[in-house]
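Peer 1: structural data only, the sequence is not supplied:
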């Protein structure tokens, strides 16, 4: 339901209340998640992560920027700074800089239109991405100043997968911007369905799963940056999912490395 | 594999040499030095990594900055810092600096009148004294080569410095007081 | 305020990038004295336009438009609503442009600023103003009088800002509308609601293509077509000339319209002529890629 505020002076508003269309029949393909414990994953293997297209330099006026496309997930990331922060948090200045991550959805980015004022979800996802990046950013190299990471989602399919995509895009943009990092941060999400791990779940798959988790890490150092989990999962199940996520992260790291090396070569004038 | 390093990658150090000091763009973790930037390493007694693209410069103690005066008070002049150590900041991103009256010049510090040293819109070369407080960097113009490098007269013309404390308007011939930077070559 | 040319002695050692940062007006003046702009374009040249259709699968219609570096993505999503009294036979079009922090250093997170608000208003006017030749007929959005009508949410996001977001937004919006297919809908009297077909989609009928061309006046002397982000803050005036299918011309002016050496009324005429040529180019971009 797309309920707009009655009177939002800052935007063109339509009717007070509107609803998405109701269809005459259910989706043609039988929903594989209709049964409580579906046996097989439709369209991909359980350990497959949707292929990613990653590109840097989309926004020349930013310090660094990336565009990430992963099947039905598209987002843009821009890094600005280090620059003066508008308000100083806390007393005086700190000898560590600040990292601020702000993720925003375009209204057309999901199957149900997102009204512009949905702050709570944006904030929670921004904090998840920030928690993953913070351990890697050497904030002591830009005291008193701040680095801003902005993410704008054009299309999304699975929020945990989105956070992982955002972490990859932001990491790559930070490295491309020349912000000092302990290492590149990448992430992978997983859902527990029918007694197995399904990596990189779509929104529909996540909804039908017993539990979902996400893991971000720095493969160069072998350290974990952040972990989150929702739903009901046993300890061994979490361990198994975390293992598979960790392994998938190595591949994602290779991709980020490849993209960054190409970008650096171009800047250094090499072929 | 190319010689370009990635963040987190160990530096290619000669096997039996002592560990160099970690310079800019590197950090020490356990017994190895790793790169914190996407770039090329330089290894001698200190190791450093330089990125082909550097982020906008951040003012540090001792940096020479260029900025425009945005605000004057009896005790201080506020500056929008636009250039740091010869590198200009991206458009619309500026750092805030302040020149307190005791840091304008090295002599007669208690007899300063800010309005006779700076005016709004002047371009000033200054040096960063310290990172200052939460809002602004503390700057100084208390050296010969620091001070106003560009100013327009009340008549709207670009003025020329005639001494360390006066500038002349070419249109009206009038003198206006400023704390001028010594022009290069003199 | 005047920004006179700095004397050569103080600027002799300044490198061009620093000079442009400290004295942007003087920097632009110097280029224009040789009939060029800092970006290398001539004053009359606009940037090449590119349009890509249908990239957003979650939208009913979408497009991406680029004017040089300025990039705007538009997604159209259709919902259903009950018409209010006085508008029983009409639907709605709800355009909104977002200039988010991602697209440029001067934008910060938060609600739409003035520039975005003004642009959204202008987009709305553009859609509904030509009576009997609107871009979208609101009457055609009605499914059942007084019961149900389509609401077209036309959301635009700038993902890279380099000036002239308005022209790019209009291109993206018109392209996205032409790309829009609505589910075939009928009013079910028994269920007392609209039922949509999952299989059949009907293309939205776009009646008119009003194409804008924006120009800026610098220093009361130079007319600059399609200003970029460096030039925009230095301009006294912006002129937008909009031409539609039937040759109707709309002119919007913000600021004094005088250009020294050219009669005020002739400036507008010059812009209209340039806009005619530009319209052909932009229509090709809308059709082509």
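Peer 2: Looks like it came in fine. On a predicted model such as this, the values are computed, not experimentally measured, just so you know. Residues are numbered from 1 along each chain as shown, chains lettered A, B, ... in the order given.
Peer 1: please count neighbours and contacts with C-alpha atoms only from this point.
Peer 2: Fine.
Peer 1: low-confidence ranges in the stretch 151-271 of chain A?
Peer 2: Residues of the stretch 151-271 of chain A meeting the criterion pLDDT under 70: A:271.
Peer 1: ugh, typo on my part, it should be chain B
Peer 2: Within chain B, the segments meeting pLDDT under 70 span B:1-2, B:185-186.
Peer 1: what parts of it come near chain A?
Peer 2: Applying Cα under 8 Å from any Cα of the partner chain, one finds that chain B approaches chain A through B:4, B:6-9, B:25, B:27, B:35-39, B:51-58, B:90, B:93-96, B:131-135.
Peer 1: measure stretch A:205-212 end to end?
Peer 2: Start and end residues of stretch A:205-212 are separated by 10 Å (Cα to Cα, to the nearest Å).
Peer 1: with stretch C:216-227 instead?
Peer 2: Taking Cα to Cα, the first and last residues of stretch C:216-227 lie 6 Å apart.
Peer 1: quick check: the gap between residue C:93 and residue B:18.
Peer 2: In terms of Cα to Cα, residue C:93 sits 70 Å off from residue B:18.
Peer 1: those two: which has the busier surroundings?
Peer 2: Just comparing residue C:93 and residue B:18: by other Cα atoms under 10 Å in any protein chain shown the higher neighbour count belongs to residue C:93, 23 against 9.
Peer 1: could you give the number of residues near the closest residue to the more buried one other than its chain neighbours?
Peer 2: Excluding its sequence neighbours, the residue lying closest to residue C:93 (Cα to Cα, 6 or more residues apart in numbering or on different chains) is residue C:152, at 4.8 Å. As a burial measure, the neighbour count of residue C:152 was computed by other Cα under 10 Å and equals 25.
Peer 1: residue contacts, residue C:152?
Peer 2: Counting by Cα atoms under 8 Å, 6 or more residues apart in numbering or on different chains, residue C:152 touches C:76, C:77, C:78, C:79, C:92, C:93, C:94.
Peer 1: any chance of those residues in TSV, with distance to residue C:286, secondary structure and pLDDT too?
Peer 2: Rendered in TSV, the data for the contacts of residue C:152 read as follows (distance: Cα to Cα, whole Å; DSSP: H, G, I helix; E, B strand; the rest coil; pLDDT from 0 to 100):
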residue	distance to residue C:286	secondary structure	pLDDT
C:76	16	strand	97
C:77	20	strand	97
C:78	22	strand	96
C:79	26	strand	95
C:92	24	strand	94
C:93	21	strand	95
C:94	22	strand	95
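Peer 1: now residue A:250: closest residue in space, sequence neighbours ignored.
Peer 2: Once flanking residues are discounted, residue A:250 sits nearest to residue A:219: 6.2 Å by Cα to Cα, 6+ apart.
Peer 1: separation between the closest residue to residue B:151 other than its chain neighbours and residue B:35?
Peer 2: Of all residues beyond its chain neighbours, the one nearest residue B:151 is residue B:122 (4.7 Å), with distances taken as Cα to Cα, 6+ apart. Using Cα to Cα, residue B:122 is found at 41 Å from residue B:35.
Peer 1: these two: which is more packed in?
Peer 2: A side-by-side neighbour count of residue B:122 and residue B:35, using other Cα under 10 Å, places residue B:35 first with 30 against 20.
Peer 1: list the residues that contact the more buried one.
Peer 2: Residue B:35 touches A:182, B:5-11, B:25-27, B:48-49, counting by Cα under 8 Å, 6+ apart.
Peer 1: the domain parsing of chain B - what is it?
Peer 2: B:1-54, B:64-177 (automatic domain parsing).
Peer 1: chain center to stretch B:70-87: distance?
Peer 2: For stretch B:70-87, the distance from its own C-alpha centre to the chain's C-alpha centre is 10 Å (Cα atoms, centre = their mean, to the nearest Å).
Peer 1: in it, what's buried?
Peer 2: Residues B:70, B:72, B:76-84, B:86-87 are the ones in stretch B:70-87 that count as buried (16 or more other Cα atoms under 10 Å in any protein chain shown).
Peer 1: element containing the residue lying closest to residue C:22 once chain neighbours are set aside, please.
Peer 2: Nearest-residue entry for residue C:22: residue B:82, 7.2 Å, with adjacent residues in sequence omitted and distances by Cα to Cα, 6+ apart. For residue B:82, the host element (DSSP states H and E) is strand B:76-84.
Peer 1: so how far is chain C from residue B:19?
Peer 2: For residue B:19, the distance to chain C under the criterion Cα to the nearest Cα, to the nearest Å works out to 39 Å.
Peer 1: give me the mean pLDDT for stretch C:250-267.
Peer 2: Over the span of stretch C:250-267, the pLDDT mean works out to 70.
Peer 1: what's the span of that stretch from first residue to last?
Peer 2: Across its full length, stretch C:250-267 reaches 14 Å end to end, with Cα to Cα as the criterion.
Peer 1: pull up the residues of chain B that are close to chain C.
Peer 2: Contact residues of chain B with respect to chain C, defined by Cα under 8 Å from any Cα, are listed as B:67-68, B:82-83, B:86-93, B:123, B:149-150, B:152, B:156-158, B:160, B:183.
Peer 1: ok, back up a step: closest one to residue C:202 out of the buried residues of stretch B:70-87, please.
Peer 2: Nearest to residue C:202, judged by Cα to Cα, of the buried residues of stretch B:70-87 is residue B:82 at 54.5 Å.
Peer 1: and the helices in chain B?
Peer 2: All residues of chain B lie outside helices when identified by DSSP state H.
Peer 1: list the contacts for the residue most central in space within it?
Peer 2: For chain B, residue B:65 is the residue whose C-alpha lies nearest the centre (Cα atoms, centre = their mean; 2.5 Å). Neighbouring residues of residue B:65 by Cα under 8 Å, 6+ apart: B:59, B:81, B:82, B:83, B:84, B:85, B:86, B:125, B:126, B:127, B:128.
Peer 1: show me what the nearest residue to it once chain neighbours are set aside is bridged to.
Peer 2: The shortest distance from residue B:65 to any residue other than its chain neighbours is 4.6 Å, reached at residue B:84 (Cα to Cα, 6+ apart). Each beta-bridge partner of residue B:84 is listed here: residue B:65, residue B:87, as defined by DSSP bridges.
Peer 1: residue B:84: what's it in contact with?
Peer 2: Residue B:84 makes contact with B:57, B:58, B:59, B:63, B:64, B:65, B:66 under the criterion Cα under 8 Å, 6+ apart.
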